[in-house]
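S.K.: Turn this into a structure:
(4 chains)
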Protein chains: 2
Amino acid sequence: MRVVRTEMRARRTPDLTVPQFRALAFVRRHRGASLSEAADHIGLTPPSMSKLMDGLVARGLVTREGHARDRRRVTLALTRRGRGTLRAASAATRAQLAARLAALPSAERATVAAAMRALRAVFAPDPAGGGAASE
Amino acid sequence: MRVVRTEMRARRTPDLTVPQFRALAFVRRHRGASLSEAADHIGLTPPSMSKLMDGLVARGLVTREGHARDRRRVTLALTRRGRGTLRAASAATRAQLAARLAALPSAERATVAAAMRALRAVFAPDPAGGGAASE
DNA sequence: AGTTAACTATTAGATAAGCTAACTATAACC
DNA sequence: GGTTATAGTTAGCTTATCTAATAGTTAACT
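M.R.: Now for the predicted structure:
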């Protein structure tokens, strides 16, 4: 995963930091989620998530609106631009990782995939982030 | 690796951040290294490494002395306390990871180990960090 | 109904990690 | 000996985190 981060940092295409990427991915997967929900799932405190969202809202990637019934809450969603940015970042990262992994013989790629499944079972991270690691 | 980081953060025993841990590990492995060497190996710019070392020197974990022949350079070394702190952090992290991995059947642990070897070959990280992952 | 308790989000203020640009001091080169 | 390159630091910026404190809302319980 260190390498994943490194690759993501190298990919300057849409210029998202790792926490920004994670937050966008969470919002994509949970449209209309609240700030606390995002903080919980990603493992940040609410103030941290609040500030993170400040930046994403300021960049026009996320909308933050008041909840209809519970006026304490906030409703998060991706903008069209947010979806595009996330998709581009995801594709770029995936491509770079795939390029690295392509250097492995396919038997070893299979071993890596099996290890990932085993580790996911033990650490049970949110299936959002690492899902669909087909290549 | 994300999980490694999380575990390390959770381990509050000697209270080292991940970059601090990495810097200490580098200095342990390369006694008398210069600042630039440390920055290069860890993948930071010299100013970042300089500031990181500021903190470690202030905490009495690292010594930073002038080089005998080349007075531009700086010579880094661990103090006794630095060695102890690093050892404690390393042991705590390792123990927590081992506890998690112990939940896996041994065949799957072997798969994980094989995957790590394969990935190391592709990404070729500094052998200092991930070495000796026996358990 | 009215007060208290719980919850949601933000602000304030701190530390740490990073970067680039600019500077200082020293060594190397010709 | 004067120019060029190298090593490290300082200055100033952004982002990521945290805890503590605050404000506004809703729920809960007399």
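S.K.: For the rest of this, base every contact and every neighbour count on C-alpha atoms.
M.R.: Fine.
S.K.: can you map out the strands along chain A?
M.R.: Here chain A has its strands, by DSSP state E, at A:62-66, A:74-78.
S.K.: With respect to DNA strand C, which of those lies nearest?
M.R.: Proximity to DNA strand C (Cα to the nearest atom of the strand) singles out strand A:74-78 among the strands of chain A, at 3.7 Å.
S.K.: ok, A:Ala58 - how many residues close by?
M.R.: A:Ala58: 10 surrounding residues under other Cα atoms under 10 Å in any protein chain shown.
S.K.: and what of A:Met53?
M.R.: By the criterion of other Cα under 10 Å, A:Met53 has 22 neighbours.
S.K.: where's it relative to A:Ala38, distance?
M.R.: Distance of A:Met53 to A:Ala38, computed by Cα to Cα, to the nearest Å: 10 Å.
S.K.: same check, this time on A:Ala92
M.R.: Distance, A:Ala92 to A:Ala38, by Cα to Cα: 24 Å.
S.K.: Compare these two and say which is more crowded by neighbours.
M.R.: The neighbour comparison of A:Ala92 against A:Ala38 (other Cα under 10 Å) goes to A:Ala38, with 23 against 19.
S.K.: Any regions of chain A where pLDDT drops low?
M.R.: A:1-14, A:124-135 (pLDDT under 70).
S.K.: now the residue nearest to the spatial centre of it: how far from DNA strand D?
M.R.: The residue lying closest to the centre of chain A (Cα atoms, centre = their mean) is A:Arg22, at 2.8 Å. According to Cα to the nearest atom of the strand, to the nearest Å, A:Arg22 stands 9 Å off from DNA strand D.
S.K.: Tell me the spacing between that residue and DNA strand C.
M.R.: Counting by Cα to the nearest atom of the strand, the gap from A:Arg22 to DNA strand C is 17 Å.
S.K.: rewinding a little: go through the strands of chain A and pick out the most buried.
M.R.: strand A:74-78 (a mean of 22; mean count of other Cα atoms under 10 Å in any protein chain shown).
S.K.: wait, does that strand make contact with DNA strand C?
M.R.: Yes: applying Cα under 7 Å from any atom of the strand, one finds strand A:74-78 touching DNA strand C at A:Val74, A:Thr75.
S.K.: Give me the angle between that strand and strand A:62-66.
M.R.: Interaxial angle, strand A:74-78 versus strand A:62-66 (axes from the mean of the first three to the mean of the last three Cα atoms, to 10 degrees): 160 degrees.
S.K.: could you dump strand A:74-78 to CSV, C-alpha only?
M.R.: What follows is strand A:74-78, C-alpha atoms only, in CSV (Å, rounded to 0.1, in the frame of the first residue of the first chain):
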residue,chain,number,x,y,z
VAL,A,74,-25.1,17.8,6.0
THR,A,75,-25.6,15.9,2.8
LEU,A,76,-22.6,15.2,0.6
ALA,A,77,-22.6,14.4,-3.0
LEU,A,78,-20.1,14.5,-6.0
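S.K.: For chain A, what lies in contact range of DNA strand C?
M.R.: Close to DNA strand C, as judged by Cα under 7 Å from any atom of the strand, chain A has residues A:34-37, A:46-47, A:50-51, A:64, A:72-75.
S.K.: Widest-spaced pair of the residues you listed?
M.R.: A:Lys51 and A:Arg72 (17.1 Å; Cα to Cα).
S.K.: ok, back up a step: and the residues of chain A next to DNA strand C, which of them are buried?
M.R.: Buried members of those, scored by 16 or more other Cα atoms under 10 Å in any protein chain shown, are A:Ser34, A:Leu35, A:Ser36, A:Ser50, A:Arg64, A:Arg73, A:Val74, A:Thr75.
S.K.: out of the strands of chain A, nearest to B:Arg59?
M.R.: Closest to B:Arg59 of the strands of chain A is strand A:62-66 (Cα to Cα; 41.1 Å).
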